[in-house]
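>>> test case, fold it:
(one chain, ligands or ions: 2)
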Amino acid sequence: TEELLRKSDKLSVAGQLAAGLAHEIRNPLTSLRGFLQLLQHDLRDKRHYFDIMLSELDRINFIVSEFLVIAKPEAIVYKKSDLVMILQSVIALLDTQAVLCNVELILEFQSDIPEITCSEMHLKQLFINLIKNAMEAIPKDGQIKLLVSLHGEDQIRVRTQDNGCGIPEERLKQLGEPFYTTKEKGTGLGLMMCFKIVEAHKGTMYIQSQVGYGTTIDVFLPRYTEEPN
Ligand code: ADP
Ligand code: MG
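Numbering: from 1, shown residues only. Ligands and ions are numbered 1, 2, ... in the order given. This next block holds a predicted model:
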């Protein structure tokens, strides 16, 4: 156990360093972005270059924010929340995009879903990531279902089900590895972040998939209890 302890100590030091580094990278990024936007006005004929520079900056910023969650899960603040409301707001956020992709986003839930202890911001990020992946897996028309149900006494299951391209069995074990992506513009950090968020909430996440039929991702989260864990 001593060796294990030392290892997790090292991990959290590395995590803190990474989080510090991420903040240090973000500040100059923000200032670069501002100056680029100013210059954009003076050099209108070079517009194309600016578009590229701005989108590259945004990409770095996006990667850094995904990385921050991974590096510093202990910075998460928890409170008693309504999971169904969180999912409703995630769906409201992604609905326009879904319509544009010809994807139907459906939320179904049991009437008696208990409250959970969570960070709303992080749970939103979790489900935004899962739904975005599902949308990206659907080549044209499709359906994404979110099914919320009570499991046993104290677990709530959120099942995200898509009828997209699916994942070959031999690739399933790679999901959640950093930088594993099959997309040209992917970061391969999304699922890793999802696993981290679920783990930080004392939950579990399982992925099932069948090529040509679709993917089902189950997130189990513990219901709210009075005693502090
Ligand atoms: P990214 O989306 O940037 O590629 P993720 O970590 O979110 O990174 O996902 C990693 C890979 O897992 C994706 O590139 C894709 O191949 C696969 N994947 C994730 N979710 C799905 C899904 N719902 N359907 C099919 N493939 C998926
Ligand atoms: Mg993704």
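
>>> C-alpha from now on. contacts and neighbour counts both.
OK.

>>> may I have stretch 64-76 exported as CSV, CA atoms only?
What follows is stretch 64-76, C-alpha atoms only, in CSV (Å, rounded to 0.1, in the frame of the first residue of the first chain):
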residue,chain,number,x,y,z
VAL,A,64,-6.4,23.0,-22.6
SER,A,65,-9.9,23.2,-21.1
GLU,A,66,-10.4,19.5,-21.7
PHE,A,67,-7.1,18.8,-20.1
LEU,A,68,-7.8,20.9,-17.1
VAL,A,69,-10.7,18.7,-16.1
ILE,A,70,-8.5,15.6,-16.4
ALA,A,71,-5.7,17.2,-14.4
LYS,A,72,-7.7,18.6,-11.5
PRO,A,73,-10.8,16.6,-10.7
GLU,A,74,-10.3,17.5,-7.0
ALA,A,75,-11.2,21.1,-7.9
ILE,A,76,-14.8,20.0,-8.5
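
>>> got the contact list for that stretch?
14-16, 18-19, 22, 25-26, 119, 122, 189-190, 192-193, 196-197, 200 (CA atoms under 8 Å, 6 or more residues apart in numbering).

>>> what comes up buried for it?
Residues of stretch 64-76 classed as buried: 64-73 (neighbour count, 16 or more other CA atoms under 10 Å).

>>> quick one: which of those is nearest ligand 1?
Among these, E66 lies closest to ligand 1 (CA to the nearest ligand atom), at 10.2 Å.

>>> model confidence for that closest one, exactly?
Per-residue pLDDT puts E66 at 74.

>>> check the secondary structure at it for me.
Assigned by DSSP: H, G, I helix; E, B strand; the rest coil, the conformation of E66 is helix.

>>> relative to R33, how far out is it?
Taking CA to CA, to the nearest Å as the measure, E66 falls 19 Å from R33.

>>> how about stretch 122-130 against ligand 2, any contact?
No: using CA under 5 Å from the ion, stretch 122-130 stays clear of ligand 2, coming no nearer than 5.7 Å.

>>> so which residues on this structure come close to ligand 1?
Counting by CA under 6 Å from any ligand atom, the residues of the chain lying close to ligand 1 are 133-134, 137, 164-167, 175-176, 180-183, 186-192, 215.

>>> weed out the non-buried ones from those residues.
Among these, those buried by neighbour count (16+ other CA under 10 Å) are 133-134, 137, 164-167, 175-176, 180-181, 187-192, 215.

>>> give me the subset of these touching ligand 2.
Among these, the ones lying near ligand 2 by CA under 5 Å from the ion are 133, 190.

>>> narrow the buried ones among the residues of the chain next to ligand 1 to those in strands?
In strands, defined here by DSSP state E, the members of those are T215.

>>> can you tell me which helix or strand of the protein has the lowest average pLDDT?
Every helix and strand of the chain was ranked by mean pLDDT, DSSP states H and E. The lowest is helix 2-42, at a mean of 73.

>>> ramachandran angles for L150?
Dihedral angles of L150 (phi, psi; degrees, to the nearest 10) stand at phi -90, psi 130.
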